[in-house]
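Peer 1: just a sequence and a predicted model for now, questions to come.
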Amino acid sequence: MPDEEIAEEGIISPTKPTVQDPLLRELLAEDETRAAAETPQEKPLPLPKPSEIVDCIVIGLGAGGAPLLSRLAQAGLKVVALEAGPWHNPEKDFATDEKAQDFLFWNDERLAAGADPLAMGKNNSGTGVGGSTLHYTAYTPRPLPDDLHIKRDFGQGEDWPLTYDDLAPYYEEVEQFIGVSGPSPYPWGPSRAKGYPLAALPLNSAAQLMVRGAEKLGIKTSPAPNAALSARYYQEGVGWREACTNRGFCQAGCSNGAKSSMDVTFIPLAVKYGADIRPNSYVTEIERNAKGEVAAVVYTQNGETHRLACKNLFLCAGSVETPRLLLLNELALTSGQVGRNLMAHPGLQVWGTFPEEVRPTKGIPGSLISQDTHRPKNADFAGGYLLQSIGVMPVTFSGQVARGRKLWGQPLRDYMRQFNHIAGINILGDCLPHADNYLELSDEKDGRQVAKPRLHFTAQENEQRMNVHAEKIMRDIWAAAGATDIWAFQRYAHVIGTARMGLSGDDAVVDRNGRAFDVPNLYICDNSVFPSALSVNPALTIMALSLRTADKFLENNK
Amino acid sequence: MTSQELLASAHVSAATRAALEQRLADTGAAYEPQLLAPETYRLLEAVAARLFPQPERPMPIPLAPAIDQRLAEGRADGWRYDALPPDREAYRLGLGGIQEIAHSLFQADFEALAPNQQDAVIEALAGPTPPGKTWETLNAGRFFEELLAELTETYYAHPWAQDEIGYTGYADLPAWTKIGLNEKEPREA
């Protein structure tokens, strides 16, 4: 280093000549003040951060990131969570208005390709401290044990490298902690050590109609398990949470904390044990050391770029942002499976008009369930589905009427006038992976100058056959319940499988404990690791996997 | 109760009231298009008026401003059909294509046509093979679906449209206790 530079750096405070004349001193001081006011001062450079290495960084604070964050913090580790979206105050900020709540969705554009393009945005994404659980319906049935073994039973799809028994203790822990309301005993699946901690929520109109129709057809139904409180509930780290007020706006954000989203459950628990939550933090780069391990994460927060070093990284950004980050950073790609095996649940809906008043926004949207169609006897497809009564908000419904029925002009206004007499049922069905269904980076850049993801999805023969089977059953139930003007809306929900878990790094991205096969200090936990779609909503399983991923990490890093 | 009565009541939260009152305040305010050229914007207004005819209202619920404003601000709703170009381009091309259909069917601008002729243009757009060069490259089915869905969601987010369908769900304080078939609270009457 040249000597003169050292000399310059060595000068800390050059001495100033002292001005003796008081008048001159006053004038000089005035000049200085004026100059300061007139010319904008150069901003002081940000102080260099103290060199900080945290034990774990968690990217994404939805159902995948929040439970493991709390577990790692409880174990005494120094953990930092980076969440792309803001931290809301639902009681004050959340309106009972769909348009006003648009900020809950990941609104950066994604490209939907294939014969059955996947609607994203409000259908399939989330952002904010709490992730997609801020707007999930909170429908939380457990999968049935054979859900995890579709290949064993049908010779198609992929088996989980885990069994139901591996997950059962975690299902129980999550249900008890976040406060799931549901029937005990639960009518389908193996008997359980513990029932749900709270009684089921009351049945709303759509549920009552589905009970009526299903009874006539000999289909068994039950009040559904929902992660929303049917009574006040005490929770560690939060205190008392209030009961559900039947707003029915779960998909636009719960304003009183009754719905068990991550921001009122695992996140406060994590904070209590010292987790550092950094909202509005968008990850731009994952750095590696010479050994190929993750060394640091670069992110922007409120316009400033930060770099945070870590010993371990937990990537929990959901099944679009997780593979996108892996692809952008060329990380964990040796299996060739990142972005592949994209699955989406068939979520076919059937709507009907009833003579009775329904008022479909009131009550928990998924009030009723049937798993009688889990493995239908007369099926010509692999796997199966569940049946669910559904509530709906007016703007969402109107958009579906426009897209699904293509009504416009007076006929559209006439149909919508029946809104208070409309009720729906839908399915949530398994999906098989297929070579044509995958996520890739496109050449188009989004508002952050990052390549937009393109999602290819085409329903294959198995999904199509399942839809045909389900549409007939749902039309029959609605006709038996007294509906007229019955119509079906084709829809697919939840993106799954884009960084799948497996037994070998040849055909999977992470092992059964969520650890990347080719990056030893990288863990992934969200719906991207699902090897198969399961015939139930994914959130409960993501939370259970999240706790298990943390426990296995802690066991192996003692 | 109507939205006017409900918004003045204690059944509506402050955040909900703020959102709905802003929407009402914007209704009828003069709007200068920010992105679309004036003639393209007038065409969008004319198309919206046929997709949502509101003959009973002295002042219709405005629909075109929401689209122009969104395009100007570059806001997206999280996804786009890969079959369509970016939203601004899709709207410019698609509206031009509607004009093409009008010229092909009636040899006149869409705005100059009688209501039943305008409806015929929209029917052609929604049909399998709308006439015009635009539709050789722009997917007419997807464009029509996007246009219709955006206008529809804008319309039914408005308190007047919610009154029209008897929706009162935003008046949710303190709670809904009557949620079964044929059950309603006094404020839902």
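Peer 2: Perfect, thanks for sending it.
Peer 1: residues contacting the closest residue to chain A within chain B?
Peer 2: For chain B and chain A, the shortest gap (CB to the nearest CB) falls at residue B:78, measuring 2.7 Å. The C-beta positions use only the backbone N, C-alpha and C, and glycine is treated the same way. Contacts for residue B:78 were tallied using CB atoms under 8 Å, 6 or more residues apart in numbering or on different chains; they are A:105-110, A:120-122, A:125.
Peer 1: how near is it to residue A:452?
Peer 2: 11 Å (CB to CB, to the nearest Å).
Peer 1: which residue does chain A bring closest to chain B?
Peer 2: Taking CB to the nearest CB, chain A has residue A:121 as its residue nearest chain B, at 2.7 Å.
Peer 1: and that residue, how many neighbours?
Peer 2: 20 (other CB atoms under 10 Å in any protein chain shown).
Peer 1: likewise the one 4 residues further on?
Peer 2: Close neighbours of residue A:125, defined as other CB under 10 Å, add up to 24.
Peer 1: check residue A:232 too.
Peer 2: Residues near residue A:232, counting by other CB under 10 Å: 12.
Peer 1: contacts for stretch A:209-223, please.
Peer 2: Taking CB under 8 Å, 6+ apart as the rule, stretch A:209-223 contacts A:182-183, A:186-187, A:200-201, A:203, A:207, A:354, A:356, A:358, A:367-370, A:372-373, A:387, A:389, A:423, A:425, A:473, A:476-483, B:181.
Peer 1: list the residues that contact both of residue B:78 and residue A:452?
Peer 2: Contacts common to residue B:78 and residue A:452, judged by CB under 8 Å, 6+ apart, are A:108-110.
Peer 1: near chain B too, which of those?
Peer 2: A:108-110 (CB under 8 Å from any CB of the partner chain).
Peer 1: most neighbours out of the residues you listed, which is it?
Peer 2: Going by other CB under 10 Å, residue A:110 tops those with 28 neighbours.
Peer 1: my read is that that residue contacts residue A:451, right?
Peer 2: No - between residue A:110 and residue A:451 there is no contact under CB atoms under 8 Å: 10.8 Å.
Peer 1: the host helix or strand of residue A:549: which residues count as buried?
Peer 2: Assigned by DSSP states H and E, residue A:549 falls within helix A:539-556. Neighbour counts over helix A:539-556 (16 or more other CB atoms under 10 Å in any protein chain shown) mark A:539-554 as buried.
Peer 1: in strands only, show me the contacts of stretch A:209-223.
Peer 2: Residues of the contacts of stretch A:209-223 located in strands (DSSP state E): A:368-370, A:387, A:389, A:423, A:425.
Peer 1: helices of the stretch 51-200 of chain A, residue ranges please.
Peer 2: Ranges of helices in the stretch 51-200 of chain A, per DSSP state H, counting those that start in this stretch, are A:65-74, A:90-93, A:150-154, A:164-178.
Peer 1: so what does the first one touch, helix or strand wise?
Peer 2: Taking 3 or more CB pairs under 8 Å, 6 or more residues apart in numbering or on different chains; DSSP states H and E as the contact definition, the neighbouring helices and strands of helix A:65-74 are strand A:53-59, strand A:79-82, helix A:266-272, strand A:304-315, helix A:539-556.
Peer 1: coming back round to it: restricted to strands, list the shared contacts of residue B:78 and residue A:452.
Peer 2: residue A:110.
Peer 1: any of the contacts of stretch A:209-223 buried? List them.
Peer 2: Buried, going by 16+ other CB under 10 Å: A:182, A:186, A:200-201, A:203, A:207, A:354, A:356, A:358, A:367-370, A:372-373, A:387, A:389, A:423, A:425, A:473, A:476-478, A:480-481, A:483, B:181, out of the contacts of stretch A:209-223.
Peer 1: residue numbers of the stretch 451-558 of chain A in contact with chain B?
Peer 2: residue A:454.
Peer 1: ranges for the helices of the stretch 451-558 of chain A?
Peer 2: A:461-481, A:539-556.
Peer 1: nearest to residue A:133, out of those?
Peer 2: helix A:539-556 (6.4 Å; CB to CB).
Peer 1: give me the element residue A:413 is part of.
Peer 2: Assigned by DSSP H and E, residue A:413 falls in helix A:410-416.
Peer 1: which ones are touching the spatially most central residue of chain A?
Peer 2: For chain A, the residue nearest the mean C-alpha position is residue A:132 (3.5 Å; CA atoms, centre = their mean). Residues near residue A:132 by CB under 8 Å, 6+ apart: A:62-63, A:125-126, A:318, A:539.
Peer 1: where does the prediction get shaky in chain A?
Peer 2: A:1-51 (pLDDT under 70).
Peer 1: can you tell me how far the nearest residue to residue A:357 once chain neighbours are set aside is from residue B:169?
Peer 2: Closest residue to residue A:357 apart from its sequence neighbours, by CB to CB, 6 or more residues apart in numbering or on different chains: residue B:182 at 5.0 Å. As judged by CB to CB, residue B:182 and residue B:169 stand 17 Å apart.
Peer 1: how about the residues of the stretch 1-150 of chain A by chain B?
Peer 2: So the stretch 1-150 of chain A meets chain B at A:92-100, A:102, A:105-113, A:117-122, A:125 (CB under 8 Å from any CB).
Peer 1: next up, phi/psi of the spatially closest residue to residue A:162 that is not a sequence neighbour, please.
Peer 2: Excluding its sequence neighbours, the residue lying closest to residue A:162 (CB to CB, 6+ apart) is residue A:512, at 5.6 Å. Here is the backbone geometry of residue A:512 (degrees, to the nearest 10): phi -70, psi -10.
Peer 1: same check, this time on the one 5 residues further on
Peer 2: When quoted as degrees, to the nearest 10, the phi and psi of residue A:517 stand at phi -60, psi -30.
Peer 1: list the contacts of the closest residue to it other than its chain neighbours.
Peer 2: Among residues not flanking residue A:517 along the chain, residue A:505 sits closest, at 3.1 Å (CB to CB, 6+ apart). Applying CB under 8 Å, 6+ apart to residue A:505 gives the contacts A:334-335, A:511, A:517-518.
Peer 1: equivalent analysis for residue A:73, please.
Peer 2: Residue A:73 touches A:79, A:270, A:273-275, counting by CB under 8 Å, 6+ apart.
Peer 1: can I have the buried ones of those residues as a ChimeraX selection?
Peer 2: Buried subset of the contacts of residue A:73, written as a ChimeraX selection, criterion 16+ other CB under 10 Å:
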select /A:79,270,273,275
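Peer 1: so can I have a markdown table of the contacts of residue A:73 showing distance to residue B:150?
Peer 2: Below are the contacts of residue A:73 laid out as a markdown table (distance: CB to CB, whole Å):
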| residue | distance to residue B:150 |
| --- | --- |
| A:79 | 42 |
| A:270 | 39 |
| A:273 | 45 |
| A:274 | 46 |
| A:275 | 40 |
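Peer 1: tell me the one of the contacts of residue A:73 nearest residue A:283?
Peer 2: Nearest member of those to residue A:283, counting by CB to CB, is residue A:79, at 15.5 Å.
Peer 1: how near is that closest one to residue A:64?
Peer 2: Taken as CB to CB, the span from residue A:79 to residue A:64 is 14 Å.
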